[in-house]
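Peer 1: Just need the structure, nothing else, for what follows:
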Amino acid sequence: MAGRIEDYALIGDMQTAALVCRDGTVDWLCLPRFDSHAIFAGLLGTEEHGFWRLGPAHAADSPPPTAARRTYRGDSLILESEWDTPRGTVRVTDFMPPRDGAPQLIRIVEGVTGRVPMRSVLRMRFSYGRVVPWVHKHEGRTVAVAGPDSVWFDTEAETYGKALTTYADFTVAPGDRIAFTISWEPSHKQPPALPEPELSLEATETFWRDWVEHCTYHGPYREAVVRSLITLKALTYAPTGGIVAAPTTSLPEDIGGVRNWDYRYTWLRDAAITLSSLLRTGYREEARAWREWLLRAVAGDPENLQIMYGIAGERELGEAELDWLPGYERSGPVRVGNGAAHQLQLDVYGEVTEALHLAHMTGLARNDYASLLQLKLIRYLEDHWQEPDEGIWEVRGPRRHFVHSKVMAWVAVDRTIKLIQSGDADGPLERWKELRDDIHRDVCEKGYDKERNTFTQSYGSQELDASLLLIPQMGFLPPDDKRVIGTIEAIQRELSTPDGFILRYPTEGQSEGVDGLPGDEGAFLACSFWMADDLAMIGRVDEARKLFEKLLALRNDLGLLAEEWDPRLQRQVGNFPQAFSHVPLIDTALRLTASGAYGG
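Peer 2: Coordinates of the predicted model:
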C-alpha cells in the first residue's frame, strides 16, 4: 500500500516529477511530461501497477524499512535518505537532472558505515499500470518497451529478472557508490546516451544553487519561502513556461471519497498567482516565460478563455476514469483529464489581469500583445460579468452569482483602467470607470448580508466562502471597512476547524452540497494562509503570525504541502505538492516580514 501523502518527497527536472516514499519507493512517475502516462502508478493502486524500491534488503514477509533521516541537499531538489541498519548505515541520493536529452531518474547508493545488504526492485508498468512492457537486454543494457515508449535501465550492479520484475542484490561498504538510472526515449528512436550519474549530480546541484541565488527574500521565514519557490520551479514545464497545479492526479481531498481530480495542467488562476509570488521574490525570467505561454495559449480566441490548458497550451483535456486502478487508499474513481476545463469561471479574468498588471508594475519588458489581450478580456467581461458561473472552486452543481467571481471581474476592470492611465494602452476609460463602479455597487448590494455583517458565497445565499478573504487583498475594499472585518470574523466562526484552519465552504457529508458532490473535505490550506494575511491587514498581527506558524508546522519533514489538511485524520490530503498551497505561504511570509510580525 502507498504511504501517507506527507511521506513522499518530490524530485523533478522541470518537465516531469517523481514521488519518493520514506522507504525508498518511487510510487509515481510520468514520462516524458507531467501529463504523460505513468510508468509507476503504485501511488493510485498496488505494487502491480508499477514502482521502484531501492533500500536495505529485508525479509519478504516484513515491510521495507523506512529511512531514519532524509533531507534535500541544501537549497536543491536532490533528495538524500539515510537508513541505520544492524549492519551499518547507507545513504541513497535521488534526483532528476535538468533535462539535456533523455529524461533521467538517477539513484546513487553510498555506503556510510558497516556493510549493508541492499536491494533494488524495479517493476515498470506502462499506461498507468495497465501495460506490462517487454523487458530484454540490448547491448548490455536493460530496456523495457511497450508501444511508443521505451525505458532504459543502467547500473553497474548485477541484475536479474523474476516475476516480470527486475532485481539487483548487492552490498555496500564505506565509500562504495553504486548508481542506478532509468532513461526514457521514444521506442522507435536510438537508445539514449549512457548516463553519467556523478557528473549529472554535480550539474544538478549547481543548477539549483545558481537558481536560488536570485531570490530577493531574506526575511525570517527564508527556509520555508525558498523551499516553496523551489517547489514552484519544479512544477514549471521548462519548454513552454506553463505551470502545473500539482504533479499528481486523483490524490483524494476526502480519503475514501470521490473528490479526486487531475491537477497536471495549467490553471490560469494558479499560474497567475504563482507568477505573482515569483515576481515578488526576484524571478522575472519565469514571469516572462509564463506571459509568453499565456499569449500562445489564448492566441486568436481570447473571448473563449479557458480556465485551464495543457502545459503546452492544449485546449482539449477530456476527463476519463481509469477503472483498473482502485485509487489511493481505495479512493475512487481515478481520473485523468479534467472536465472543468470548459467551465465559466469569471474570476480567472481578474487573476490573469492582476498578473499582467504586476508584471507591468515590476518592470517586465512591455509586450504589446499582452496589453491587447487585456483589453479584449475586459470587452468580454463587459457583456458577461452579470452571468452566473461555476466560480473559483469549480462547482459541479448549478451556476451561481459567486461574490468572489464578481470581485475579480472588478479587479480585471480596475487593473486595466490603471494600464490605460499609465499610457501603455488605449481604451474607453470613462466607460470602463462606470463599469468598475457598476460591478462594485452590484456586489455590495447583492452579495452582502447586512443582518450578519458579512459578504456571502453568492448572491442571495446564506453560506460563507473563504474566497471572500481576498476582498481586502485585491483592494476591492480597505481592510478597516466594517464589512471586511465582519466577513473575516464570520469566516472564523463558521468555517474554522477546531484547530483553527479554514474550510473553503460548508459541505454536506453524504448529501449533495453546493459543489454538486457528496462527502466532506479537509481544511483548504490556501484559505488558511489567506486568513493569516487578512488578520495581519486588520492589525491582528500576533494572531496572524501564530496561525502562519501553525500552518508551517503542517508541512512534511521536507517542507512540502498538499492541497488540504484533514483535521480528523491529522494528515495531508489532496494532490501533492500543491502550487496553490505554496504560493500563499510565500505571500504571507512576505506580508508578515514587512509588518515585523514575527518572533525575533
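
Peer 1: For the rest of this, base every contact and every neighbour count on C-alpha atoms.
Peer 2: OK.

Peer 1: Secondary structure class of A67, three-state.
Peer 2: Using DSSP: H, G, I helix; E, B strand; the rest coil, the structure places A67 in coil.

Peer 1: now do D437
Peer 2: Recorded secondary structure, D437: helix (three-state DSSP).

Peer 1: Any stretches of this protein with poor pLDDT?
Peer 2: Segments of the chain classed as low confidence (criterion: pLDDT under 70) are 300, 302, 508-520, 597-600.

Peer 1: Could you rerun that using 50?
Peer 2: Counting by pLDDT under 50, the chain shows low-confidence ranges at 510-512, 599-600.

Peer 1: And the strands in the stretch 201-350 of the chain, which stretches?
Peer 2: Per DSSP state E, counting those that start in this stretch, the stretch 201-350 of the chain has strands spanning 236-237, 242-243, 266-267, 308-309, 320-321, 335-336. These are given in chain order.

Peer 1: Can you tell me which of those is packed in deepest?
Peer 2: Between these, the one whose residues have the most neighbours on average, counting mean count of other C-alpha atoms under 10 Å, is strand 242-243 (a mean of 32).

Peer 1: Which strands border that strand, and is each parallel or antiparallel?
Peer 2: Each strand pairing with strand 242-243, determined using DSSP bridges, is listed with its direction: strand 236-237 (antiparallel).

Peer 1: what are the C-alpha coordinates of stretch 500-509, in PDB please?
Peer 2: Output in PDB follows, covering the C-alpha atoms of stretch 500-509 (Å, rounded to 0.1, in the frame of the first residue of the first chain):
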ATOM      1  CA  GLY A 500      -8.100  27.000  13.700                       C
ATOM      2  CA  PHE A 501      -7.700  26.200  10.000                       C
ATOM      3  CA  ILE A 502     -10.200  27.300   7.300                       C
ATOM      4  CA  LEU A 503     -12.600  25.300   5.200                       C
ATOM      5  CA  ARG A 504     -13.400  26.600   1.700                       C
ATOM      6  CA  TYR A 505     -17.200  26.500   2.200                       C
ATOM      7  CA  PRO A 506     -19.700  24.200   4.000                       C
ATOM      8  CA  THR A 507     -20.100  20.700   2.800                       C
ATOM      9  CA  GLU A 508     -23.000  18.300   3.500                       C
ATOM     10  CA  GLY A 509     -21.500  14.900   4.200                       C
END
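
Peer 1: Please state the offset of it from the chain centre?
Peer 2: Centroid displacement of stretch 500-509 relative to its chain, using C-alpha atoms, centre = their mean, to the nearest Å, is 21 Å.

Peer 1: Pull out the buried residues from that stretch.
Peer 2: Counting neighbours by 16 or more other C-alpha atoms under 10 Å, one finds that the buried residues in stretch 500-509 are G500, F501, I502, L503, R504, Y505, P506, T507.

Peer 1: Could you work out the most separated pair of the residues you listed?
Peer 2: G500 and T507 (17.4 Å; C-alpha to C-alpha).

Peer 1: how about the strands of the stretch 201-350 of the chain, which one is nearest D84?
Peer 2: Counting by C-alpha to C-alpha, D84 lies closest to strand 236-237 out of the strands of the stretch 201-350 of the chain; the figure is 35.2 Å.

Peer 1: what residues does that closest one touch?
Peer 2: The contact list for strand 236-237 (C-alpha atoms under 8 Å, 6 or more residues apart in numbering) reads M14, Q15, T16, G242, I243, V244, I311.

Peer 1: With respect to A168, which of the residues you listed is nearest?
Peer 2: Ranked by distance to A168 (C-alpha to C-alpha), the contacts of strand 236-237 are led by T16 at 25.9 Å.

Peer 1: Let me know how buried the closest one is, in neighbour terms.
Peer 2: The criterion is other C-alpha atoms under 10 Å. On that basis, T16 has 26 neighbouring residues.

Peer 1: pretty sure it contacts A246?
Peer 2: No - the criterion here is C-alpha atoms under 8 Å, and T16 misses it with A246 at 10.5 Å.

Peer 1: Return every residue with contacts to both of these two.
Peer 2: Residues touching both T16 and A246 by C-alpha under 8 Å, 6+ apart: L235.

Peer 1: so where do the helices sit in the protein?
Peer 2: Counting by DSSP state H, the chain has helices at residues 126-129, 197-212, 222-234, 268-280, 284-298, 347-361, 368-384, 403-421, 429-446, 470-473, 482-494, 525-537, 541-552, 579-595.

Peer 1: list the helices and strands the last one packs on?
Peer 2: To tie it back to what came earlier, the one meant is helix 579-595. When contacts are defined as 3 or more C-alpha pairs under 8 Å, 6 or more residues apart in numbering; DSSP states H and E, helix 579-595 packs onto helix 222-234, helix 268-280, helix 525-537, helix 541-552.

Peer 1: Now do it and helix 268-280, the angle between them.
Peer 2: Using axes from the mean of the first three to the mean of the last three C-alpha atoms, to 10 degrees, the direction of helix 579-595 lies 40 degrees away from that of helix 268-280.

Peer 1: Name the surrounding residues that touch helix 579-595.
Peer 2: When contacts are taken as C-alpha under 8 Å, 6+ apart, the neighbours of helix 579-595 outside the stretch itself are 217, 219-221, 224-225, 228-229, 231-232, 235, 244-246, 270, 273-274, 277, 525-526, 529-530, 532-533, 536, 541, 544-545, 548, 561-563, 598.

Peer 1: Selecting buried members of those in ChimeraX, what would you type?
Peer 2: Selecting only the buried members of the contacts of helix 579-595 in ChimeraX, with burial defined as 16+ other C-alpha under 10 Å, works like this:
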select :217,220,221,224,225,228,229,231,232,235,244,245,246,270,273,274,277,525,526,529,530,532,533,536,541,544,545,548,561,562,563,598
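
Peer 1: quick one on the thing from earlier: dump the buried residues of stretch 500-509 into TSV; add distance to T281 as well.
Peer 2: Formatted as TSV, those follow (distance: C-alpha to C-alpha, whole Å):
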residue	distance to T281
G500	29
F501	26
I502	26
L503	28
R504	27
Y505	31
P506	34
T507	36
